[in-house]
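Asks: Please find the sequence and the predicted model below.
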Amino acid sequence: MIAPPRPPSREELEALIREARERQRRRWLIAAAGLAVGALGIGIYFGVAGTGTANRHARTNANSTPTLPLVRCQTSQLNISVVRTGAGLGHVTGYLAFANRSGTACALRGWPTLTAFRSRATTTAIHVRDVWAGPFVRRVPTVTLRHGQTAVAAFAAGDSGLGPTGACPPPFRYLRVAPPGNSATVVLGARIRYYGHNLPDCTRIAVGAVVPASSMPPRG
């Protein structure tokens, strides 16, 4: 016959209670330590991330140099000449060339002023987007010129008068030219080398907007 289990004594119950309390306290300590380590890790992460972001901002601010707008080219900075002249199909053509001779970069945008004159006769070219034998300008560009770089503007005129005989007044002797946005001018000879004569005074003169020299059509 098996004897029924003996109920624990008071000393044994107190020992069991103390052991349970000790296990519970250890679990609390482990959990608290885990939370503390997690919080420390999060703080380190955000601290490093914040420092990295601040350093990136500092590097960006240190390396970013504000881009200053280019100033307009002044007449005194430029060598202005007539290049790439031609004639054919009742037209005389050429290009006004603007070469930056200074050490400062500058920009040109728009139409130059072109006035042809001789004794007691003056005419100013009209501004157009499409010059005969020149590039068609859909959007007027801003042309940046560093030292030695050149921008051009095409011009053209007819070589036959509108009357029944096609007679024309005497040709022009000079061209007065100002870059876009400038009032100061230079005076050039009106000789059209390819044509072998001065610019004829037969029709209105047309001049196009300034474009890079690379926009000139290739020679035929």
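Replies: Perfect, I can see it now. Residues are numbered from 1 along each chain as shown.
Asks: make it CA atoms for all contacts and neighbour counts henceforth
Replies: OK.
Asks: May I see the buried residues of stretch 157-173?
Replies: Of the residues in stretch 157-173, 157-161, 168, 171-173 count as buried by neighbour count, 16 or more other Cα atoms under 10 Å.
Asks: what does stretch 130-147 give?
Replies: Neighbour-count burial for stretch 130-147 [16+ other Cα under 10 Å]: 130-135, 137, 143-146.
Asks: go on, stretch 110-119?
Replies: 110-117.
Asks: Output those as a markdown table; include the columns pLDDT, distance to residue 95 and secondary structure.
Replies: Output for the buried residues of stretch 110-119, formatted as a markdown table (pLDDT from 0 to 100; distance: Cα to Cα, whole Å; DSSP: H, G, I helix; E, B strand; the rest coil):
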| residue | pLDDT | distance to residue 95 | secondary structure |
| --- | --- | --- | --- |
| 110 | 97 | 15 | coil |
| 111 | 98 | 12 | coil |
| 112 | 98 | 11 | coil |
| 113 | 98 | 13 | strand |
| 114 | 98 | 11 | strand |
| 115 | 98 | 14 | strand |
| 116 | 98 | 14 | strand |
| 117 | 98 | 17 | strand |
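Asks: Next SSE downstream of the worst-scoring helix or strand of the chain on mean pLDDT?
Replies: Within the chain, confidence by mean pLDDT, DSSP states H and E is lowest for helix 10-63 among all helices and strands, at a mean of 52. Per DSSP states H and E, the first helix or strand lying C-terminal to helix 10-63 is strand 78-88.
Asks: Counting by contacts, list what the helix or strand following that next one packs against.
Replies: Next helix or strand after strand 78-88 toward the C-terminus (DSSP H and E): strand 91-100. On a contact count with 3 or more Cα pairs under 8 Å, 6 or more residues apart in numbering; DSSP states H and E, strand 91-100 meets strand 78-88, strand 150-158.
Asks: For the buried residues of stretch 130-147, name the two members farthest from one another.
Replies: Using Cα to Cα, the pair of the buried residues of stretch 130-147 lying farthest apart is 132 and 146, separated by 28.6 Å.
Asks: In contact with residue 155, which residues?
Replies: 93-96, 131-132, 134, 205-208 (Cα atoms under 8 Å, 6 or more residues apart in numbering).
Asks: Give me the pLDDT for it.
Replies: Note for residue 155: predicted pLDDT of 98.
Asks: Next: the one 3 residues further on.
Replies: Among the per-residue scores, residue 158 shows a pLDDT of 95.
Asks: Pairing partners for it in the sheet, please.
Replies: Under DSSP bridges, the beta-bridge partners of residue 158 are residue 91.
Asks: And it, how far from residue 144?
Replies: In this view, residue 158 and residue 144 are 32 Å apart by Cα to Cα, to the nearest Å.
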